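Enquirer: here you go, sequence then predicted model.
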Amino acid sequence: MSFSQAAEKIELENTPLQEAQQRIAHETEPEPMGCIEFIATAASILLFIVTFPISLCLSFKVVQEYERAVIFRLGRLRKGGARGPGIFFILPCIDTYCKVDLRTVSFDVPPQEVLSRDSVTVNVDAVVFYSVNHPIMATNNVEDYSHSTRLLAATTLRNVLGTRNLAEILSEREAISHTMQSALDEATDPWGVKVERVEMKDVRLPLQLQRAMAAEAEAAREARAKVIAAEGEMKASRALKEASDVMAESPAALQLRYLQTLNTISAEKNSTIIFPLPLDIITPFLGPLTNRK
């Protein structure tokens, strides 16, 4: 690949963020002052000298550690980037400044009524955490970066959830939050805003759908209970069959089991005890009765 082709490829791959940074860098380059600007600047300096030391209160400003000040002189962005933290100087009457807070800000996305991919209507809300990482872009590229980020978050929430079905919305919250965070971060890059985190708070289903899902879950639990009971009966029947086979091979074991059962019944303090008689004892007595018939 030749050098010219590589340069063209790099130009095509420029992101909106890079274009915005290049535009701001071009705007902050020093330009020759016009006649009116020169006169206004000279008059402001003269006013500062005449009203000294009262003008000190109007010319020196302080920004906190978590703030930056973007200064404009006669409507043009001053070179040198954002000022702060600490004290900075402005000329009265011709300089204006805008403070930008760099701390992380959180806001709640209002509940959005979303139609999922499987045509189920759900109400979903979320919370978004963002911060400003480029004060000049946040001031020059968007009128109100906070309000714009809030509107974009609500729209992104509806768009992302509209591509998922109900089961995915309920079970893949972390993946959906990550997708929203990536989409918001990419969209707010030209505004100098960094979306740090997005979390889904609550998913509210229609009442009729909640009842249907509860009935389905109850039916599934009953089915599992029946399966477990059937498996238990099968295991018990197998154990009884094995025990009967053992007792059939050893009549003495059957007699011991018989005595053990009588001992258990007597321990329960029952007023009536029924003694079952073995067939080998009753058979000799049943013989004469059978012959008479």
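Expert: Received the coordinates, thanks. Residues are numbered from 1 along each chain as shown.
Enquirer: next up, phi/psi of the residue most central in space within the chain, please.
Expert: Central residue of the chain (Cα atoms, centre = their mean): residue 199, 3.1 Å from the mean position. With angles defined as degrees, to the nearest 10, residue 199 sits at phi -130, psi 130.
Enquirer: pLDDT at it, what is it?
Expert: For residue 199, the pLDDT comes out at 92.
Enquirer: isn't it right up against residue 124?
Expert: No: at 11.5 Å, residue 199 does not count as touching residue 124 under the criterion of Cβ atoms under 8 Å. C-beta: built from backbone N, CA, C; applies to glycine.
Enquirer: in stretch 177-197, what's buried?
Expert: 177, 179-181, 183-185, 187-196 (16 or more other Cβ atoms under 10 Å).
Enquirer: which residues touch the residue nearest to the centre of the chain?
Expert: With contact taken as Cβ atoms under 8 Å, 6 or more residues apart in numbering, residue 199 is in contact with 126-127, 177.
Enquirer: same thing but 6 Å
Expert: By Cβ atoms under 6 Å, 6 or more residues apart in numbering, the contact list for residue 199 reads 127, 177.
Enquirer: can you check the one 5 residues further on too?
Expert: Going by Cβ under 6 Å, 6+ apart, residue 204 touches residue 123.
Enquirer: how close does it get to residue 123?
Expert: From residue 204 over to residue 123 the distance is 4 Å, taken as Cβ to Cβ, to the nearest Å.
Enquirer: intersection of neighbour lists for those two?
Expert: Common contact partners of residue 204 and residue 123 (Cβ under 6 Å, 6+ apart): none.
Enquirer: circling back to that earlier point, enumerate the beta-bridge partners assigned to the residue nearest to the centre of the chain.
Expert: Under the criterion DSSP bridges, residue 199 forms beta bridges with residue 127.
Enquirer: burial measure for residue 38, as a count.
Expert: 11 (other Cβ atoms under 10 Å).
Enquirer: my bad, residue 66
Expert: Neighbours of residue 66 (other Cβ under 10 Å): 13.
Enquirer: verify the stated contact: it with residue 103.
Expert: Yes: counting by Cβ atoms under 6 Å, residue 103 is a contact partner of residue 66 at 4.9 Å.
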